[in-house]
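Participant: Next come a sequence and a model predicted from it.
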Amino acid sequence: SGENMTDWYGVWITADNVTVRGFTVKGCNLSGILISSNHTTISDTIVSHNKNNGITIGSLNVSQPYDCRENTIRNCLIGHNLLGLFVSGQNAIITGNVLSQNNLGITVIFSMNNNISHNQITQDTNGVYIAGSYHTVLYRNNISYNDKGVYAMMTSADNIIQNNFIGNNESASSAQMFLI
């Protein structure tokens, strides 16, 4: 018979205005938590040891994006995932989280106006990866002991200010590509 989507996602949020607080989500085949809605808050939650993403806001498939707006991830422990936190949406607030020992700590792709502040991002291959996005604010984060602290590619109007970069092999870098 057909596959059950709960085999792939620990929690899949499709309704607007949902709050998830105080859970542990681990060992899922894709994302521990998938948010494909608006005004969702995930707080005080542990998300770890998932095969792909810890928390996903939006869609990994750019040809079928979810229009996700104004979601908040606050005070979560996110570790031992391929991608700790994946954001593809608008006006997300990512604050007060600890992201550790993921391949990519925070990934922001094809997004607008997201605020990432006061997080501990440590011991990831890439602490923060931003691509194809507009106006990502990265403010007062501790980004430490990653291979690359922040890597931005094909983005504009980003603000990367007052962050602590400690013990990264490369603190921050960017690449812009132009096709003619």
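Facilitator: Yep, that arrived. Quantities reported herein were computed from a predicted structural model and do not represent experimental measurements.
Participant: give me the element residue 42 is part of.
Facilitator: strand 41-43 (DSSP states H and E).
Participant: hmm, who's touching that strand?
Facilitator: Strand 41-43 is contacted by residues 18-22, 33, 35, 55, 71-76 when judged by C-beta atoms under 8 Å, 6 or more residues apart in numbering. Bear in mind the C-beta positions are built from the backbone N, C-alpha and C, glycine included.
Participant: And the residues you listed, which is closest to residue 172?
Facilitator: Among those, residue 73 lies closest to residue 172 (C-beta to C-beta), at 22.1 Å.
Participant: Let me see the backbone angles for that closest one.
Facilitator: Dihedral angles of residue 73 (phi, psi; degrees, to the nearest 10) stand at phi -120, psi 120.
Participant: can you count the residues close to it?
Facilitator: Residues contacting residue 73 under the criterion other C-beta atoms under 10 Å number 30.
Participant: do the same with residue 43
Facilitator: 17.
Participant: if I look at it, how far off is residue 30?
Facilitator: 22 Å (C-beta to C-beta, to the nearest Å).
Participant: likewise residue 103?
Facilitator: To residue 30, residue 103 is 15 Å away according to C-beta to C-beta.
Participant: Now the closest residue to residue 120 other than its chain neighbours, what are its backbone angles?
Facilitator: Among residues not flanking residue 120 along the chain, residue 98 sits closest, at 4.5 Å (C-beta to C-beta, 6 or more residues apart in numbering). Reported as degrees, to the nearest 10, the phi and psi values for residue 98 are phi -110, psi 120.
Participant: got a pLDDT number for residue 98?
Facilitator: Residue 98 is assigned 98 on the pLDDT scale.
Participant: Let me see the contact set for it.
Facilitator: For residue 98, the contact set (C-beta under 8 Å, 6+ apart) comprises 76-79, 119-120, 122.
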